[in-house]
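J.: below are the sequence and a predicted model; questions follow.
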Amino acid sequence: MSFENFDVVIIGAGLSGIGAGYRLQTRCPGKRYVIFEARPEVGGTWDLFRFPGVRSDSDMFTLAYPFRPWKEAKAIADGPAILNYVRETAHEFGIDRHIRFQHRVHSASWSSEDVRWLLEVKNGANGETVQCTCNFLYGCTGYYRYDAGYEPTFPGAEHFRGQFVHPQHWPEDLDYAGKRVVVIGSGATAVTLVPAMSRTAAHVTMLQRSPSYILSLPSQDAIASLLHRFLPVSAAHRIARWKNILIGLGIYQLCRHAPRVARRLLRQGAAKSLPHSYEIDKHFNPRYQPWDQRLCVAPDSDLFRSISEGRASVVTDQIDTFTEHGIRLQSGLQLEADIIVSATGLQMLALGAVHLKIDGEPIDPGSTFVYKGVMLSNVPNFAFCVGYVNASWTLRADLASTFVCRLLNHMDRQRYRTCRPVCDAASLKAKPLLNLTSGYV
Ligand SMILES: Cc1cc2nc3c(=O)[nH]c(=O)nc-3n(C[C@H](O)[C@H](O)[C@H](O)COP(=O)(O)OP(=O)(O)OC[C@H]3O[C@@H](n4cnc5c(N)ncnc54)[C@H](O)[C@@H]3O)c2cc1C
């Protein structure tokens, strides 16, 4: 039987998949490629998340692609602006013409005899399963489940009479003006939601089991703005990008090599924007070292300002039970709420749940070794794209895509039909792909 054949199949049309499409068509222009995207839109994360205030943590000069400058004044940008940027990139370079929307890749089986992958792809529009083949498979599927966020079982949740919301499925019509809101969590999502909701809510309480590090940063990059006034856009972008890469690297190295100094500086940053009597050590001084988990960012100290102005507060405690009107804590304190938001994180998912097989044998990605952060040991003609977790995602995602292009060109020059990393698993020491201690990782 003959199926439609592609040189390369990219899975996913998020930030990474669109970047991969650009690299492929510019560096390997002869390759026929398609992008299968399960959703009806481009953008992945930036299309899925619609909660109030959704924004980047990273600056956009590094989160944006190196090949398409970020031109807006805000360096820490809101979700819709990032989504717009990804969509415009897809459109400007004609990458969108290669996307098949509502096509979820279900399985990929490598045949050594045919020297290609056979894919089963479910068309969400009509429910049909289509098959196609490709020589090289590139997974740009992100790292978490789209259908459900991580939500612990809260005791007594069934008693709560108000609205219960997860940020991953934000109800479009949720009216929180004048309402009492409790946001459970202390990660990036909670730190974003609390100041955003506190602008109109009666009061927002951030309920955390334990504190996170929060770094206050200006939302506008003054140096980048200056560069944009005097230099051509692409030169300004390149310089701002390198400046921010080096600053990010500096902060990360400081946190890893002088954690006590970093801890003191982060504490001082918080203290500067909070009232004198505020219990900083209770609410903003974590047990873990800086960068053992992702640092959260408060643009223009927004979280600290909403606390100082009495619009928001932080409670560090454990949930005893949900009640009809809110949450009772283990300390005995009651938090009254009309709305409870469970900003408790994501459910990790490897390779977009695509079932990989080689000659009929299923592959367990968790039992393989990773080569250069891009390929899996013994899996032929396959790569995946994971960004940095301690810097902007795109910096590494783009390295992955340029690596794939170099590999494909090398194979063509040498007339190789297959490539796969081979390792002697017994001689290697296993370590995790993501070096973070966050609960969800
Ligand atoms: C709220 C939030 C804020 C964030 N902020 C930052 C930040 O400031 N800086 C930063 O560096 N990172 C941030 N991240 C991480 C963020 O996910 C990355 O920046 C980036 O968007 C990941 O892009 P991606 O294309 O790799 O994955 P995604 O955005 O997850 O896109 C993956 C795409 O693949 C599709 N897909 C998955 N499986 C399949 C399949 N089997 N078949 C077909 N299609 C499939 C999905 O539908 C999706 O469209 C944030 C994440 C979240 C959730």
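T.: Now that the structure is in, tell me what you want to look at.

J.: rest of the way, CA atoms for contacts and neighbours
T.: Will do.

J.: just to be sure, residue 397 is in a helix?
T.: Yes: Residue 397: assigned to a helix according to DSSP: H, G, I helix; E, B strand; the rest coil.

J.: ok, now which ones touch it?
T.: The contact partners of residue 397, by CA atoms under 8 Å, 6 or more residues apart in numbering, come to 16, 19, 385, 386, 387, 388.

J.: whichever of these end up buried, select them in ChimeraX.
T.: Restricted to buried positions by 16 or more other CA atoms under 10 Å, the ChimeraX selection for those reads:
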select :16,19,385,386,387
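
J.: report the contact partners of whichever residue of the stretch 151-300 of the chain sits closest to the ligand.
T.: Minimum separation of the stretch 151-300 of the chain from the ligand (CA to the nearest ligand atom) falls at residue 189, amounting to 6.0 Å. Contact analysis of residue 189 by CA under 8 Å, 6+ apart lists 54, 167, 343, 345.

J.: how about the residues of the protein near the ligand?
T.: 11-17, 36-39, 43-45, 56-58, 63, 103-106, 140-142, 352-354, 391-393 (CA under 6 Å from any ligand atom).

J.: buried among those? Make that a ChimeraX selection.
T.: To isolate the buried ones among the residues of the chain next to the ligand in ChimeraX, judged by 16+ other CA under 10 Å, type:
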select :11,12,13,14,15,16,17,36,37,38,39,43,44,45,56,57,58,63,103,104,105,106,140,141,142,352,354,391,392,393
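
J.: so which of the residues of the chain next to the ligand belong to helices?
T.: Among the residues of the chain next to the ligand, DSSP state H puts 15, 16, 17, 45, 63, 393 in helices.

J.: so which of the residues you listed comes closest to residue 428?
T.: residue 393 (26.9 Å; CA to CA).

J.: wait, the closest one touches residue 387, no?
T.: Yes: counting by CA atoms under 8 Å, residue 393 does reach residue 387; the two are 4.0 Å apart.

J.: on that earlier part again, CSV for the contacts of residue 189, including neighbour count, secondary structure and pLDDT?
T.: Shown next, in CSV, are the contacts of residue 189 (neighbours: other CA atoms under 10 Å; DSSP: H, G, I helix; E, B strand; the rest coil; pLDDT from 0 to 100):
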residue, neighbour count, secondary structure, pLDDT
54, 19, coil, 97
167, 23, helix, 95
343, 27, coil, 95
345, 25, coil, 89
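
J.: nearest to the ligand, of these?
T.: Checking these against the ligand with CA to the nearest ligand atom, the nearest one is residue 54 at 6.4 Å.

J.: and the closest one, what is it in contact with?
T.: Counted by CA under 8 Å, 6+ apart, residue 54 has contacts 78, 79, 189, 192, 193.

J.: helix/strand/coil for the fourth one?
T.: What it means is residue 192. Classification of residue 192 using three-state DSSP returns helix.

J.: so how many other residues sit close to it?
T.: 24 (other CA atoms under 10 Å).

J.: cool, the first one as well?
T.: When neighbours are defined as other CA under 10 Å, residue 78 has 17 of them.

J.: which residues touch the closest residue to it other than its chain neighbours?
T.: Of all residues not flanking residue 78 in the chain, residue 55 sits nearest, at 3.9 Å (CA to CA, 6 or more residues apart in numbering). By CA under 8 Å, 6+ apart, residue 55 lies in contact with 76, 77, 78, 79, 192.

J.: for the nearest residue to the last one once chain neighbours are set aside, give me its contacts.
T.: For residue 192, the nearest residue in space outside its immediate sequence neighbours is residue 53; the separation is 6.2 Å by CA to CA, 6+ apart. With contact taken as CA under 8 Å, 6+ apart, residue 53 is in contact with 78, 79, 192, 193, 196, 197.

J.: which pLDDT value belongs to residue 53?
T.: Here, the pLDDT recorded for residue 53 equals 95.

J.: from here on, call the first residue 54.
T.: Yes, from this point I'll number from 54; that puts the last item at residue 106.

J.: same question for it, what's its three-state structure.
T.: Residue 106 ends up coil, using three-state DSSP.

J.: that one and residue 94: what is the separation?
T.: Residue 106 is 21 Å from residue 94, where distance means CA to CA, to the nearest Å.

J.: kindly report the same for residue 323.
T.: On the measure of CA to CA, residue 323 and residue 94 end up 39 Å apart.

J.: do the same with residue 268
T.: Applying CA to CA to residue 268 and residue 94 gives a distance of 33 Å.

J.: verify the stated contact: residue 193 with residue 440.
T.: No: assessed by CA under 8 Å, residue 193 is found out of contact with residue 440, at 9.9 Å.

J.: low pLDDT regions in the stretch 354-494 of the chain?
T.: 488-494 (pLDDT under 70).

J.: revised request: answer the last question for the stretch 54-203 of the chain.
T.: Using pLDDT under 70, the stretch 54-203 of the chain drops low at 54-55.

J.: and if we set it to 90?
T.: Residue ranges of the stretch 54-203 of the chain with pLDDT under 90: 54-56, 125-127, 201-202.

J.: can you map out the strands along it?
T.: If DSSP state E, counting those that start in this stretch is used as the criterion, the strands of the stretch 54-203 of the chain fall at 57-64, 86-89, 152-153, 156-164, 169-176, 182-192.

J.: would you turn these into a markdown table with distance to residue 121?
T.: Shown next, in a markdown table, are the strands of the stretch 54-203 of the chain (distance: least, CA to CA, whole Å):
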| stretch | distance to residue 121 |
| --- | --- |
| strand 57-64 | 20 |
| strand 86-89 | 20 |
| strand 152-153 | 20 |
| strand 156-164 | 27 |
| strand 169-176 | 31 |
| strand 182-192 | 22 |
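
J.: so which of those strands comes closest to residue 234?
T.: Of all the strands of the stretch 54-203 of the chain, strand 156-164 comes closest under CA to CA, at 36.4 Å.

J.: now the closest one against strand 182-192, angle please.
T.: If you take axes from the mean of the first three to the mean of the last three CA atoms, to 10 degrees, strand 156-164 sits at 80 degrees to strand 182-192.

J.: beta-bridge partners for the closest residue to residue 170 other than its chain neighbours, please?
T.: The shortest distance from residue 170 to any non-neighbouring residue, by CA to CA, 6+ apart, is to residue 163 (4.4 Å). Taking DSSP bridges as the rule, residue 163 bridges to residue 170, residue 411.
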